[in-house]
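>>> need coordinates for the following:
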Amino acid sequence: MRYVVVTGGVISGLGKGITTSSIARILKARGVPLTVVKIDPYLNVDAGTMNPYQHGEVFVLDDGTEVDLDLGNYERFLGESLPGNHNLTTGKVYRTVIEKERRGDYLGNTVQIIPHVTGEVKHMLREAAQHAQAELTLVEVGGTVGDIESMPFLEALRELQ
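Next up, the predicted model:
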């Protein structure tokens, strides 16, 4: 599995979503089996309850998942529907890690950002790619690179090398 990661600089809203959508469209036209995943490093589980004046419009996927508008652009550019597991949020990742801890999946180990949260991010990315039968996954990291919220995601992406 190969990954292309799209991040911005120190300013959010620079057009990472349209850039990612455009790259995906070009590669798809060249016959590359691919998919796109959006990482939103906020603590909300999804975008459904977020103030649209602060975050922008919410896009609803065919499976009912309320996500960032970038996923709507991905769908339009690619001409295909994406499932909710193509949007990772800090809230979604942390909820999964905590549920696993409560079930005893970590065998009593101390649950930490590294390796447990980063491991879950990698698992979710691989699962989305496998479900889409993609050889290449474009990953857009929302927000700004300097935000502390994005650090576990950036570390997980680094570990995918």
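
>>> and residue 108, that's in a helix?
No - the assignment for residue 108, made by DSSP: H, G, I helix; E, B strand; the rest coil, is coil rather than a helix.

>>> tell me the spacing between it and residue 47.
Per CB to CB, to the nearest Å, residue 108 is found 35 Å from residue 47. Backbone N, C-alpha and C define where each C-beta goes, glycine included.

>>> between these two, who's got more neighbours?
Of the pair residue 108 and residue 47, residue 47 is the one with more neighbours under other CB atoms under 10 Å, namely 23 against 7.

>>> verify the stated contact: that one with residue 66.
Yes - using CB atoms under 8 Å, residue 47 is in contact with residue 66, at 5.3 Å.

>>> quick check: neighbours shared by the two?
58-59 (CB atoms under 8 Å, 6 or more residues apart in numbering).

>>> and the next helix or strand past the helix or strand bottoming out on mean pLDDT in the chain?
In the chain, the helix or strand scored least confidently by mean pLDDT, DSSP states H and E is helix 52-55, which has a mean of 82. Of the helices and strands lying after helix 52-55 in sequence (DSSP states H and E), the nearest is strand 58-60.

>>> okay, and for the chain, where does confidence drop off?
12 (pLDDT under 70).

>>> in it, which spans are helices?
Remark: helices assigned in the chain by DSSP state H are 16-29, 52-55, 69-78, 90-103, 118-131, 151-159.
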